[in-house]
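1. sequence and predicted structure below; questions after.
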Amino acid sequence: MGHVYQRVKLAAVGEVELGILVDTGATYSLIPPALADSLGVARLPRKQRVTLADGRHLEADLGLVMVEIGDRSAGTTVVIAECDEPLLGVEALEALGLAVDPTTGSLRPTRAFTVRLGGMR
């Protein structure tokens with residue numbers, strides 16, 4: 001299948017549109033501190049211990065951003081740490097109701113809605 005890149009809009013106080021690598025092995029999305037700062041992403045008060053793909057661990061800041069792909073948007077957690085390139089993790093894909101189609105190497109809807117809340121009246 002190869003690498004899957006997707007055009008996304010990330011927003012906090014500011015917004016940016018960029019191509020991002022979809023990483024189905026990553027729980028959270030990953031952005032570098034400079035991008036988080038340019039978007040105005042507020043860091044959560046405590047750092048999170050994160051395990052990297054190579055098994056190393058680091059303490060990283062977390063923040064919340066809005067991610068938009070096409071007509072779908074949702075709030076999602078991002079890890080803020082130095083990285084070679086930003087990653088879009090499965091938490092964002094789930095919130096958007098999207099999955100990677102391995103036959104086409106593109107994203108496809110898994111349901112008609114994005115964020116869904118149960119138990120609300």
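-> Done, it's in. Nothing here was measured: the structure is a model prediction, and the numbers come from that model.

2. tell me the contacts of the residue nearest to Leu96 when sequence neighbours are not counted?
-> With CB to CB, 6 or more residues apart in numbering as the criterion, Leu96 has its nearest non-adjacent residue at 4.6 Å, and that residue is Arg72. C-beta here means a position set from N, CA and C on the backbone, and glycine is covered the same way. Shown in contact with Arg72 (CB atoms under 8 Å, 6 or more residues apart in numbering): 96-98, 109, 114.

3. what about the residues you listed, which are in helices?
-> Using DSSP state H, the members of these that fall within helices are Leu96.

4. adding pLDDT and neighbour count as columns, could you present the contacts of Arg72 in a markdown table?
-> Below are the contacts of Arg72 laid out as a markdown table (pLDDT from 0 to 100; neighbours: other CB atoms under 10 Å):
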| residue | pLDDT | neighbour count |
| --- | --- | --- |
| Leu96 | 94 | 25 |
| Gly97 | 94 | 19 |
| Leu98 | 95 | 24 |
| Pro109 | 93 | 13 |
| Thr114 | 62 | 18 |
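
5. give me the mean pLDDT for stretch 81-92.
-> Per-residue pLDDT over stretch 81-92 has a mean of 95.
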